[in-house]
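Participant: what's the 3D shape of this:
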Amino acid sequence: MEEEKIISLIRERDERGAEELLRCYGPLMRYVIAPILSDEHDREECLSEAALRVWERIGQYDPTRGSWTAWLTAIARNAARNRLRGARYTAQTGEIPPDHPAPGPTPEEEMLQRERQEELRRALWRLRAGERILFYRKYYYMQTTEQIAAELGLTPRAVEGRLYRIRGKLRRFLGGETHD
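Facilitator: Below you'll find the predicted structure:
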């Protein structure tokens, strides 16, 4: 089933949309979740949470701001990272009370964070496409160096070397140090 049809079904609240989402894009979402969550049960729970978020937030999807797959992978990645963060917090402090408010940034902190994100986004677009993709794989999708190396036909050392040079470029672009 094509992307537009799945989006349309989800917007219409047709359950076939959710089924097709998981059938067509479940493998991609699992691929994004897997490097972040090591437990298979957590991965499947996270996939369900991500699909639910897509269902609930379909109104926020704007094709002019990015592709459907980019939006889906961002939701899957964020769901996995939130689940990982929650697991770490629970392990450190015990159960979280149901009425406990989520700690969040202040409006000023949110504004500063948005500005930093925009500055980083502009710096990333100054990289060559291959460098940008490598950076995203390591730091956005949280893939291991070994996984990236295997999929690109490189050695882990070569991947680390490229990432080292990319981080140096980004520091220069962002006005930081010129050496490591």
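
Participant: buried set for the helix ranked longest in the chain?
Facilitator: What stands out as the longest helix in the chain, according to DSSP state H, is helix 68-93. Under the neighbour-count criterion of 16 or more other C-beta atoms under 10 Å, helix 68-93 has W71, L72, T73, I75, A76, R77, A79, A80, N82, R83, L84 buried. Every C-beta, even on glycine, is put in place using the N, C-alpha and C of the backbone.

Participant: ok, now stretch 5-18?
Facilitator: Applying 16+ other C-beta under 10 Å to stretch 5-18 flags I6, I7, L9, I10, G17, A18 as buried.

Participant: sec struct for the second one, please.
Facilitator: Using DSSP: H, G, I helix; E, B strand; the rest coil as the criterion, the local structure at I7 reads helix.

Participant: OK, contacts around the nearest residue to L152 once chain neighbours are set aside?
Facilitator: Closest residue to L152 apart from its sequence neighbours, by C-beta to C-beta, 6 or more residues apart in numbering: V159 at 7.1 Å. Listed by C-beta atoms under 8 Å, 6 or more residues apart in numbering, the contact set of V159 reads L134, K138, T145, I148, A149, L152.

Participant: ok, of those, which one's closest to L127?
Facilitator: L134 (8.9 Å; C-beta to C-beta).

Participant: For I166, see how far away the residue nearest the centre of the chain is.
Facilitator: Closest residue to the average C-alpha location of the chain: R77 at 3.2 Å, with C-alpha atoms, centre = their mean. Going from R77 to I166 by C-beta to C-beta, to the nearest Å gives 19 Å.

Participant: Alright, I will stop here.
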